[in-house]
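Visitor: pasting the sequence and the predicted model now:
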Amino acid sequence: PLPTTEDPEAEKALPEKNNPIWALLKGFGQKLDKQEDEGWEALDVRHELAFLRATALSMGHSYQAMTRMNSAASALTMRSMPTTAAGAEPTAAALVREPTDLSLPEEDVLIKGGTGENEVINGVYFKLMHTFGVKAFKMVKQVGFYSTPTVRYLYWDHVTSTWTISPKPLVGVCLAPGCAFAQEDNTEHPSMVTKPWYVWHGHSGELLAAGEEIKEEEGEQKGGFTFRSLMGPPAPVDKIVAKSIVGFQVQGNQDKLGKIGMGLMLRIPLTIFGRPVYEYEGGGQYLYFHRKEADGVTFTELSKGQDADLEEFGAGIEPTPEKLYENEGCWVIATDMGATLDSPDCYAFVEDTAVTPDQITRIWQVRLKDKLEANEELRFVAQEWSHEGTLQAMVDKAEKEKAEKEVAEEEEKEEKEEKDPKAKDGKAKDGKDGKKK
């Protein structure tokens, strides 16, 4: 039941009227008003204030508290809702918000196993943010003697129900070097695929799974001469593996890291200048790329780096990975994104245009006692993440074991019926009798 006692403190506890949460709660109150004819109790102004106050407090006491990405432990004391009993004194209730984060970390993908022509697909694929609901990842790196920029997309293709790796987004399964696909339903992430990946095999000219028999030409089968026979026996099919990664582990001499956290840089759902952003697992430090203008000195505003066009994802898009390397820039570790390199808030930086931290090859400059010093040991290693142990994984495992048990019981039952024909005939007879009845 809604409260009927006036509360002069109710209005003070409400969010400001220019706050987004106000419109949300106000709109809900209006919906209740419109449903009066259906048995709902209409809210007058006094009731609505009390209702909104209780709802705002139950949703986190304030809009600012709701929108914090990393909430530290805090205790909030508030006056409880007034009771309907006359003369009842309002009581105080302590709401303790524990520093427990039940949300899973942002997951990227690490692809391994490609060789020769397929080596181009190896690397870290970071999750894209502007994909219109499509689960998609992107990997850009420089390959070969001339450091040619190359791109690969990994995404869920709804047409073929496959996880697909291709040089362009949303083109489906491609029959070309450096392409692959895996077909398995109900997989939320590429790392959850258990069936083999089909990858390009140059000798066969098609996509094959690891361990699959390689077809030979008629001339080769008879031992005749062919140009392909001069190349020797065909290479085996590559075994592609997709691993989930949640960020990068900081590696180096701890005495030379200054204020840099010796732990894990976790991926957060944000891309800037076509590159992923990370936050230290303990909070308060960010790892990100900051691009420079054409003059090579002035840094571009970070707001411009969040342009969706920089991700180059969509139907009909022709990727231009070379654009990511046109302007110079720095990978930065700082307490605030956008901190100047000479600021105490900047703990380290390196002038490198790598797309992901594992590709950085130049030497970092680390701040030690307000002085920048070169650190050749600082590296970032991809941290793999296993779905085993998560709640969903345990549920899936239980369902799988149950299904396997049912199949085993059915097979055992069929074996007994085959060994004992009388039992089988008796079952058939019972079935006929049941039909007659």
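Guide: Looks like it arrived, so ask away.

Visitor: quick one: list the elements packing against the lengthiest helix in the chain.
Guide: Among the segments of the chain that qualify as a helix by DSSP state H, the longest is helix 391-419. Applying 3 or more CB pairs under 8 Å, 6 or more residues apart in numbering; DSSP states H and E, one finds that helix 391-419 contacts helix 421-436. Glycine gets a C-beta too; all of them are placed from N, C-alpha and C.

Visitor: for the record, mean pLDDT for the helix it packs on?
Guide: Averaging pLDDT along helix 421-436 yields 56.

Visitor: ok, Glu212 - how many residues close by?
Guide: 15 (other CB atoms under 10 Å).

Visitor: my read: it touches Pro236, true?
Guide: No. With contact defined as CB atoms under 8 Å, Glu212 does not reach Pro236; the gap is 9.5 Å.

Visitor: quick check, Val120 in a helix?
Guide: Yes. The assignment for Val120 is a helix, going by DSSP: H, G, I helix; E, B strand; the rest coil.

Visitor: might one say that it is in contact with Val151?
Guide: No. Val120 is beyond contact range of Val151, at 9.4 Å (criterion: CB under 8 Å).

Visitor: pull up the distance across stretch 309-329, start to finish.
Guide: Stretch 309-329 has its terminal residues 19 Å apart, counting by CA to CA, to the nearest Å.

Visitor: neighbouring contacts of it?
Guide: 128-132, 134, 136, 138, 140, 142, 149-151, 153, 167-170, 271, 273-275, 289-294, 296, 299-300, 351, 353, 355 (CB atoms under 8 Å, 6 or more residues apart in numbering).

Visitor: now intersect those with the strands, please.
Guide: With DSSP state E as the criterion, strands contain 136, 138, 140, 142, 149-151, 153, 271, 275, 289-291 from among the contacts of stretch 309-329.

Visitor: any of these buried? List them.
Guide: 136, 138, 140, 142, 149-151, 153, 271, 275, 289-291 (16 or more other CB atoms under 10 Å).

Visitor: pLDDT score for Ala93?
Guide: 43.

Visitor: swap in His203?
Guide: So, for His203, pLDDT stands at 88.

Visitor: what kind of secondary structure is it in?
Guide: coil.

Visitor: what is the neighbour count of it?
Guide: Considering only other CB under 10 Å, His203 is surrounded by 17 other residues.

Visitor: how about the one 10 residues further on?
Guide: Using other CB under 10 Å, the number of residues around Glu213 comes to 8.

Visitor: isn't there a strand covering it?
Guide: No. When three-state DSSP is applied, Glu213 is found to be coil, with no strand at that position.

Visitor: and the gap between it and Glu117?
Guide: 20 Å (CB to CB, to the nearest Å).

Visitor: same check, this time on Phe132
Guide: Distance from Phe132 to Glu117, by CB to CB: 31 Å.

Visitor: state the pLDDT value of the nearest residue to Lys292 once chain neighbours are set aside.
Guide: Among residues not flanking Lys292 along the chain, Glu328 sits closest, at 4.8 Å (CB to CB, 6 or more residues apart in numbering). Per-residue confidence (pLDDT) for Glu328: 96.

Visitor: for the helix or strand hosting Val277, packing partners?
Guide: Assigned by DSSP states H and E, Val277 belongs to strand 275-280. Secondary-structure packing of strand 275-280 (3+ CB pairs under 8 Å, 6+ apart): strand 123-127, strand 264-272, strand 286-291.

Visitor: swap in 7 Å and give it another go.
Guide: Judged by 3 or more CB pairs under 7 Å, 6 or more residues apart in numbering; DSSP states H and E, strand 275-280 is in contact with strand 264-272, strand 286-291.

Visitor: direction included, what does the shortest one pair against?
Guide: Here strand 286-291 is paired, per DSSP bridges, with strand 275-280 (antiparallel), strand 329-334 (antiparallel).

Visitor: cool, and the longest one?
Guide: Sheet neighbours of strand 264-272, with direction, are listed as strand 241-251 (antiparallel), strand 275-280 (antiparallel) (DSSP bridges).

Visitor: what mean pLDDT does that strand get?
Guide: 95.

Visitor: swap in the shortest one?
Guide: On average, the pLDDT along strand 286-291 is 98.

Visitor: now it - C-alpha only, PDB.
Guide: Extracted in PDB, the C-alpha atoms of strand 286-291 (Å, rounded to 0.1, in the frame of the first residue of the first chain):
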ATOM      1  CA  TYR A 286      43.900   4.100 -17.400                       C
ATOM      2  CA  LEU A 287      45.800   2.700 -20.400                       C
ATOM      3  CA  TYR A 288      44.800   4.300 -23.600                       C
ATOM      4  CA  PHE A 289      46.100   5.700 -26.900                       C
ATOM      5  CA  HIS A 290      46.100   9.500 -27.500                       C
ATOM      6  CA  ARG A 291      46.600  10.600 -31.200                       C
END
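
Visitor: other residues contacting that strand?
Guide: 265, 272-273, 275, 277-279, 299-300, 305, 327, 329-334, 337, 357 (CB atoms under 7 Å, 6 or more residues apart in numbering).

Visitor: repeat that for the longest one.
Guide: Defining contact as CB under 7 Å, 6+ apart, one finds that strand 264-272 is touched by 105-106, 108, 129, 246-250, 276-281, 287-289, 302, 305-306, 311, 380, 383.

Visitor: so for that strand, what gets flagged as buried?
Guide: Buried residues in strand 264-272 (16+ other CB under 10 Å): 264-268, 270-272.

Visitor: tabulate those in JSON lines, adding columns for distance to Glu411.
Guide: Below are these laid out as JSON lines (distance: CB to CB, whole Å):
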{"residue": "Leu264", "distance to Glu411": "46"}
{"residue": "Met265", "distance to Glu411": "50"}
{"residue": "Leu266", "distance to Glu411": "46"}
{"residue": "Arg267", "distance to Glu411": "45"}
{"residue": "Ile268", "distance to Glu411": "49"}
{"residue": "Leu270", "distance to Glu411": "51"}
{"residue": "Thr271", "distance to Glu411": "50"}
{"residue": "Ile272", "distance to Glu411": "56"}
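
Visitor: if anything else comes up later, I'll come back, but that's it for now.
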